[in-house]
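S.K.: Structure, please.
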Amino acid sequence: MFKEIFSGNNIAIIGAAVAAIFSGMGSAKGVGIVGQASAGLLTEDPSKFGKALLLQALPGTQGIYGLITAFLIIMKIGLFGEPATLTVAQGGYFLMASLPIAVVGYFSAIHQAKVAAAGINLIAKRPDEVGKAITASALVETYAIFALLVSLLPILFYTV
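M.R.: Okay, here's the model as predicted:
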């Protein structure tokens, strides 16, 4: 029974789940943080909705990166077609490949949200400075993109 549960395929599927779940949790928390800051701004000035929405959407990208990683793992192991029979080591390979976007995606989404929430405070007082707020928040995104690359390249170039 232990061998059936911890098969290579199941470990790879766990890797796909880890990528989607943790980066998605970070994005959900991040979008919520900026949403709270936006709500305060919009009670005072509803005309700033577009600028606030843009900043609120930024931490959501890490969840998308995790989802892309999960779908690539699922496609690579043939879950939607003829499934490959992976060894435990091969399944572990996919699990390890999912960790960069899972971990960095989680933390970078939350930190990006904190920067974006500070950007909400900036546009509350200086609406013309929204570009600076977006730029500051986008710099945090850079590390999520690096993590995405570190996760995707081993997955894309692995032959099952």
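S.K.: so Leu95 is in which element?
M.R.: If you go by DSSP states H and E, Leu95 is part of helix 88-125.
S.K.: Run the chain-centre distance for that helix.
M.R.: 5 Å (C-alpha atoms, centre = their mean, to the nearest Å).
S.K.: Tell me the buried residues in the very next helix or strand once past it?
M.R.: Counting by DSSP H and E, the next helix or strand C-terminal to helix 88-125 is helix 130-156. Buried residues in helix 130-156, defined by neighbour count with 16 or more other C-beta atoms under 10 Å: 130, 133-134, 136-137, 140-141, 143-145, 147-148, 151-152, 155. Glycine gets a C-beta too; all of them are placed from N, C-alpha and C.
S.K.: just to revisit the earlier point, so what does the helix holding Leu95 touch, helix or strand wise?
M.R.: helix 8-44, helix 49-57, helix 61-76, helix 130-156 (3 or more C-beta pairs under 8 Å, 6 or more residues apart in numbering; DSSP states H and E).
S.K.: Which of those helices sits closest to Ala124?
M.R.: The minimum distance between Ala124 and the helices and strands packed on helix 88-125 falls on helix 8-44, with 5.0 Å, by C-beta to C-beta.
S.K.: That closest one versus helix 49-57: what angle between them?
M.R.: Helix 8-44 runs at 150 degrees relative to helix 49-57, counting by axes from the mean of the first three to the mean of the last three C-alpha atoms, to 10 degrees.
S.K.: Before I go, just wanted to say thanks for your time.
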